[in-house]
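Trainee: My questions concern the predicted model and sequence given below.
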Number of protein chains: 2
Amino acid sequence: MASVTAGNSEFDRDTAVTRRAPGVYDAHLSAGWTIINAVNGGYLLALLGRALGDALPHPDPLTLTAHYLTASAPGPAVVRTEVVRTGRTLSTGTATLVQFADDGTEVERIRVLATYGDLAALPDDVRTTAKPPAIPPYEHCLGTDSAPGDRPAIPGSTAITERLDVRLDPATVGWAVGAPSGKGEMRGWFGLADGREPDPLALLLAVDGLPPTAFDLGLSGWVPTVELTCHVRHRPAPGPLRVSITTRNLAGGFLEEDAEVWDSADRLVAQSRQLARTILAR
Amino acid sequence: MASVTAGNSEFDRDTAVTRRAPGVYDAHLSAGWTIINAVNGGYLLALLGRALGDALPHPDPLTLTAHYLTASAPGPAVVRTEVVRTGRTLSTGTATLVQFADDGTEVERIRVLATYGDLAALPDDVRTTAKPPAIPPYEHCLGTDSAPGDRPAIPGSTAITERLDVRLDPATVGWAVGAPSGKGEMRGWFGLADGREPDPLALLLAVDGLPPTAFDLGLSGWVPTVELTCHVRHRPAPGPLRVSITTRNLAGGFLEEDAEVWDSADRLVAQSRQLARTILAR
């Protein structure tokens, strides 16, 4: 038995996996990362990403795709990995997260396909034409403790809000008071509440850590992720992240969410896109 | 033995797969879809997408991710599929494309993870805020036959140019005469040369069917795809497609290419993103 995790933050502790056999890992999905009763998809991605980082010869997820098959529940889980190909600078693998029904039946939750590399070994050239999102200073943005009285400014979230330090751009929180912008945008500062600094695994959490853009489009209800792909492009510098999410194509009961994550050094460190289903409540 | 393909176009003929056993398909990678010696990645995606459409209970790729492991060569190949999960409206599966070395060793070329559904069964709501790309009329755009003399306006391409009817926006072909815009954009009209109308499989071809945006950034050399994810959002209307590709983050020897495909009815029918490696020749 080998513990794969390092560090003693909430995030490291709760995404820890224990190697039981080559390519087989025991995990415990923490109730601390739930939204209502659902385990957050970015948290699950980080846990799977950690297992793959152990199974593959390269440490960092460069591109990771997850298909969410059934809803994960807090409690025990098993991750199984397969090495697809090992190259000099890149390696590719799959991972599957399974849980067990009361009768012992195995139920697959998530299937992942990813290519890993070594971010520290990449050349340091940057020719990024994208610009960091315009987000007001942290102290002018809104968190769950920003509302007067006992009502959180960001309603509906639960345990995960205690783990995250999310501060939303006021321009993208009109939905919380019944006035969504209709633009399909969500922007804010993102960090871990206990001060753990970001790394590539935390970027997998960050790309699915803000409220859904569907709220800003005036939709209520659940927006389950079908598939999410994240490209990690650089190891983030210490300090808070800025996350910007946009939806441009809401049609046929599906929408895409494009996320960008920028670090404190103004570097575009991750890009993601997910396909989600939506219930057209309005 | 069951032939999965229908139609007698070049595209249907060359992406045909033959079921040899449940989940196992024989294929022949055609030399007609090569760029120099490399088999086009979108063509391979369409062939794999066709096999998965046979293996899964739902007909259409909604989200399909491919990791390109080794370079495919024209000639025989085998596709193996696995059904991961079958639901009422969605089903998820994997596919792998393999070829064989002279000594009979199996070499994996591509691994795919995809979720399929039935595009015809989706509700017809559309709230797309994205706008179709501004591309000049077809007759003002440039194809391989547009150059005076015997030099093609789009250099470097080979067999695939005879299969496709691509007409590029003159604003994005400066690289062909040594004057790239530096913006990382590629736009144009896209169709099949023999007039076959677009369908979801042809969209998988379209998202990787234009010259790389790296050319417009002033880079020369090879830009191999590491991973490509395509969301098919609607069955395309008959008529030419418009494809717009942009790169916003060229850094660390990698770049992303975001493609949008619009149909003749001004509907955003596919969105894709790929992660590619680049050699910084300049």
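Mentor: Structure's in. What do you need?
Trainee: got the CA coordinates for the host helix or strand of A:Tyr25 in PDB?
Mentor: A:Tyr25 is part of strand A:24-29, with elements assigned from DSSP states H and E. The C-alpha trace of strand A:24-29 is given here as PDB (Å, rounded to 0.1, in the frame of the first residue of the first chain):
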ATOM      1  CA  VAL A  24      -5.900  -0.200  -8.900                       C
ATOM      2  CA  TYR A  25      -6.500   2.500  -6.300                       C
ATOM      3  CA  ASP A  26      -8.800   2.800  -3.300                       C
ATOM      4  CA  ALA A  27     -10.400   6.200  -2.700                       C
ATOM      5  CA  HIS A  28     -13.000   7.700  -0.500                       C
ATOM      6  CA  LEU A  29     -15.300  10.400  -2.000                       C
END
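Trainee: What average pLDDT does that strand get?
Mentor: The average pLDDT within strand A:24-29 is 98.
Trainee: what does stretch A:33-40 give?
Mentor: Per-residue scores along stretch A:33-40 average to 89.
Trainee: Next: stretch A:260-278.
Mentor: Per-residue pLDDT over stretch A:260-278 has a mean of 97.
Trainee: Is any residue of it near chain B?
Mentor: Yes - contact of stretch A:260-278 with chain B (Cβ under 8 Å from any Cβ of the partner chain) involves A:Arg267, A:Leu268, A:Gln271, A:Arg273, A:Leu275. For the C-beta atoms, the positions are set from N, CA and C on the backbone; glycine is no exception.
Trainee: do the same with stretch A:73-85
Mentor: Yes - legend: contact between stretch A:73-85 and chain B by Cβ under 8 Å from any Cβ is shown at A:Val84, A:Arg85.
Trainee: Pull out the buried residues from that stretch.
Mentor: A:Ala73, A:Pro74, A:Ala77, A:Val78, A:Val79, A:Arg80, A:Thr81, A:Val84, A:Arg85 (16 or more other Cβ atoms under 10 Å in any protein chain shown).
Trainee: Pull that stretch out as CSV, backbone CA atoms only.
Mentor: Output of stretch A:73-85 as CSV, limited to C-alpha atoms (Å, rounded to 0.1, in the frame of the first residue of the first chain):
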residue,chain,number,x,y,z
ALA,A,73,-22.1,9.4,-4.0
PRO,A,74,-19.9,10.2,-1.0
GLY,A,75,-18.2,7.1,0.3
PRO,A,76,-15.8,4.4,-0.9
ALA,A,77,-14.8,4.1,-4.5
VAL,A,78,-12.2,2.3,-6.6
VAL,A,79,-10.1,3.8,-9.5
ARG,A,80,-8.7,1.5,-12.1
THR,A,81,-6.2,2.7,-14.6
GLU,A,82,-4.8,1.4,-17.9
VAL,A,83,-1.6,2.6,-19.5
VAL,A,84,-2.4,3.0,-23.3
ARG,A,85,1.0,4.2,-24.5
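Trainee: which residues sit against it?
Mentor: A:17, A:20, A:23-31, A:34, A:37, A:39, A:47-48, A:51-52, A:55-56, A:91-100, A:109, B:67, B:69-70, B:108, B:111 (Cβ atoms under 8 Å, 6 or more residues apart in numbering or on different chains).
Trainee: ok, 6 Å please
Mentor: With Cβ atoms under 6 Å, 6 or more residues apart in numbering or on different chains as the test, stretch A:73-85 has contacts from A:17, A:23-25, A:27-29, A:31, A:51-52, A:55, A:92-99, B:69, B:111.
Trainee: Inside helices: which ones of the residues you listed?
Mentor: A:Ala51, A:Leu52, A:Ala55 (DSSP state H).
Trainee: would you list these in a markdown table and tack on pLDDT?
Mentor: As requested, those are exported to a markdown table (pLDDT from 0 to 100):
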| residue | pLDDT |
| --- | --- |
| A:Ala51 | 98 |
| A:Leu52 | 98 |
| A:Ala55 | 98 |
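Trainee: residues touching A:Trp189, list them.
Mentor: The contact partners of A:Trp189, by Cβ under 6 Å, 6+ apart, come to A:Tyr138, A:Cys141, A:Arg167, A:Pro240.
Trainee: What is the burial count for A:Asn37?
Mentor: Residues within reach of A:Asn37, counting by other Cβ atoms under 10 Å in any protein chain shown, total 11.
Trainee: which of the residues in stretch A:244-251 are buried?
Mentor: Buried residues in stretch A:244-251 (16+ other Cβ under 10 Å): A:Ser244, A:Ile245, A:Thr246, A:Thr247, A:Arg248, A:Asn249, A:Leu250, A:Ala251.
Trainee: give me the subset of these touching chain B.
Mentor: Applying Cβ under 6 Å from any Cβ of the partner chain, the subset of those adjacent to chain B comprises A:Arg248, A:Asn249, A:Leu250, A:Ala251.
Trainee: Next one: the second one from A:Thr65, what distance?
Mentor: Read that as A:Asn249. 19 Å (Cβ to Cβ, to the nearest Å).
Trainee: who does the strand holding A:Tyr25 touch, helix- and strand-wise?
Mentor: Judged by 3 or more Cβ pairs under 6 Å, 6 or more residues apart in numbering or on different chains; DSSP states H and E, strand A:24-29 is in contact with strand A:17-21, strand A:75-86.
Trainee: check contacts around A:Gly253.
Mentor: Taking Cβ under 6 Å, 6+ apart, one finds B:Leu122, B:Pro123 in contact with A:Gly253.
Trainee: Any idea what the nearest residue to A:Glu106 once chain neighbours are set aside is bridged to?
Mentor: Distances taken as Cβ to Cβ, 6 or more residues apart in numbering or on different chains place A:Val98 nearest to A:Glu106, at 5.1 Å, with adjacent residues excluded. Note on A:Val98: beta-bridge partners A:Val78, A:Glu108, judged by DSSP bridges.
Trainee: correct me, but A:Val98 touches A:Glu108?
Mentor: Yes - the criterion here is Cβ atoms under 6 Å, and A:Val98 meets it with A:Glu108 at 5.2 Å.
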